[in-house]
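**Q** prediction below, plus the sequence it came from.
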Amino acid sequence: MGQAKNIFPEIKCGSNEIKASNAYPALKHHILECIVSKYISISYIVADLHYVYPDLLDDKNCFYNYLIKLLLDDIITKKDSNSKIKLKLDNRTIKVKSLNSFADYIKIHLNYQRLLKLDLGVQYINSDAKMGI
């Protein structure tokens, strides 16, 4: 963010976050170049709420957990067996009383249903206080 602000001083933002929808093409290009220069991959999932079961929409915690499961099923494969994987998740949509339930749920799913034998760690981070989450 600091480098982008130096290169593009006209950026006006109230936080340490650049909203892509408000960025102009040169800034978007710069951000993409910075991402491409790193050894990372970005995965995401989008749900069209018109096709989601109403009961699932009523419980945002279950919906969030279900979407994360679908995303992980897509990106974690057999070649990842016996690997150490650390998940950093936004905790704003996870109920405090259920923090451990998602970790248990995803470990059971990946290690016993998909038989991947992963050393899986789950860390919950407040995205409002942490850049990049």
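**A** Yep, it's here.
**Q** quick check: domain ranges of the protein?
**A** Split into domains by automatic domain parsing, the chain comes to 2-36, 49-125.
**Q** quick one: average pLDDT of the last one?
**A** Same thing as domain 49-125. For domain 49-125, the mean per-residue pLDDT is 88.
**Q** first-to-last residue distance for that domain?
**A** With Cα to Cα, to the nearest Å applied, domain 49-125 spans 25 Å between its terminal residues.
**Q** hmm, who's touching whichever strand or helix holds residue 120?
**A** Using DSSP states H and E, residue 120 sits in strand 119-125. With contacts defined as Cβ atoms under 8 Å, 6 or more residues apart in numbering, strand 119-125 is touched by 83-91, 94, 99, 102-103, 106-107, 110-111, 133. All C-beta spots, glycine's among them, are computed from the backbone N, C-alpha and C.
**Q** going along the chain, name the strands of the protein.
**A** Secondary structure of the chain by DSSP state E: the strands cover 84-90, 119-125.
**Q** and the last one, which residues are buried?
**A** Of all the residues in strand 119-125, those buried under the rule 16 or more other Cβ atoms under 10 Å are 120, 122, 124.
**Q** now the last one: closest residue in space, sequence neighbours ignored.
**A** Right, the one you point to is residue 124. With Cβ to Cβ, 6 or more residues apart in numbering as the criterion, residue 124 has its nearest non-adjacent residue at 3.8 Å, and that residue is residue 91.
**Q** I'd say that neighbour and residue 126 touch.
**A** Yes. Residue 91 lies in contact with residue 126 (Cβ atoms under 8 Å); the separation is 5.9 Å.
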